[in-house]
Structures are given as structure tokens and as C-alpha cells.
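[1] Here is a sequence together with a model predicted from it:
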Amino acid sequence: MTGKEVRKLTDEEIGVEIKRLRADLHTVRTQFVTAKVEDSSKYGKIKKDIARLLTERTARRAAAAR
């Protein structure tokens, strides 16, 4: 997910996407523990996507507060 894609999402879609990605992150962590890792770079990619979404949500809230 790129920054442009994140900016196109509505506030509700951002919340839903964060929840989905956090569930995926939990699944990937579980796979690491059980040594059933399909793609070891997936963990970092998911964390970066969550960070992008949280950053955009924070920026929107700050802009709305002004």
C-alpha cells in the first residue's frame, strides 16, 4: 500500500484496514513461532502499512482540530 492509496481512503476505511492488518500481523507472528513462514518480509511490510495508515489518520485529526 502506497501513500497515495492511503490518502484516497476515507476515515472509516482507514480504521477497517488497520484492524485487518493488525489481524494479519498476528497471523504472521504466529507463523514465525511455529516455523511455518512463507514470506519472511511480510512482517515488515505489514508493519509499514500500519504505520502509513496511522500517520494519515493522525494528520487528518490534526488538520480537523485546526
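    That came through fine. Numbering: from 1, shown residues only.

[2] only C-alpha atoms for contact and neighbour calcs from this point on.
    OK.

[3] give me every residue that touches the most centrally placed residue in the chain.
    The centroid of the chain falls nearest to Ile50 when counting by Cα atoms, centre = their mean (2.2 Å). Counting by Cα atoms under 8 Å, 6 or more residues apart in numbering, Ile50 touches 18, 21-22.

[4] what about Ala59, how many neighbours?
    Counted by other Cα atoms under 10 Å, the residues lying close to Ala59 total 12.

[5] Work out for me the element it sits within.
    helix 42-65 (DSSP states H and E).

[6] Phe32: which element?
    For Phe32, the element it lies in under DSSP H and E is helix 11-34.

[7] Pull out the buried positions in that helix.
    11, 14, 17-18, 21, 24-25, 28 (16 or more other Cα atoms under 10 Å).

[8] So which elements touch it?
    Packing contacts for helix 11-34, counted by 3 or more Cα pairs under 8 Å, 6 or more residues apart in numbering; DSSP states H and E, involve helix 42-65.

[9] in the helix it packs on, what counts as buried?
    In terms of neighbour count (16+ other Cα under 10 Å), helix 42-65 has its buried residues at 43, 46, 49-50, 52-54, 56-57.
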